[in-house]
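Participant: here is my input, please return the structure:
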Amino acid sequence: MEPCLAFTGQGLLCVLLSLYWIILFARILLSWFRPPREGPARSVVRGLYAATDPVLRPLRALIPPIRAGMMAVDVSPIIVFILIGVLQAARGRPGLF
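Facilitator: As a prediction, the model looks like this:
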């Protein structure tokens, strides 16, 4: 299978799904650290949250976090990763990676 770099409707969808995957992954990594209080990094973090919250929020309403002792594990990003993978596999293309 070849990567989805074609300039077609399907190619554009594949690129958008792959970019969303990267944005979601960046958000997960940044959630492990204290958010910046000011500066351009704060704007980047806000942009990542603004791009991912509309997808994650409804899933969080359906699926509560899994309790693990004193912590709770949010599985909504995992579900979104699986959905992106299923959509890309259904199209027969692996994505940008």
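Participant: in contact with the nearest residue to L59 once chain neighbours are set aside, which residues?
Facilitator: Using CB to CB, 6 or more residues apart in numbering and skipping residues adjacent in sequence, the residue nearest L59 is S76, 3.9 Å away. To be clear about C-beta, it is placed using only N, CA and C from the backbone, and glycine gets the same treatment. Shown in contact with S76 (CB atoms under 8 Å, 6 or more residues apart in numbering): 56, 59-60, 63.
Participant: just the buried ones from those residues, in PyMOL syntax?
Facilitator: Buried members of the contacts of S76, defined by 16 or more other CB atoms under 10 Å, are picked up in PyMOL with:
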select buried, resi 56+59
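Participant: just the pLDDT for the residue nearest to L59.
Facilitator: Model confidence at S76, given as pLDDT, is 93.
Participant: can you tell me how far it sits from G39?
Facilitator: Using CB to CB, to the nearest Å, S76 is found at 28 Å from G39.
Participant: what's the span of stretch 58-75, first residue to last?
Facilitator: 12 Å (CA to CA, to the nearest Å).
Participant: any idea which residue sits dead centre in the chain?
Facilitator: Centroid-nearest residue in the chain: L24, 2.5 Å away (criterion: CA atoms, centre = their mean).
Participant: next SSE downstream of the helix or strand hosting that residue?
Facilitator: Using DSSP states H and E, L24 maps to helix 9-30. Taking DSSP H and E as the definition, the helix or strand that follows helix 9-30 towards the C-terminus is helix 40-62.
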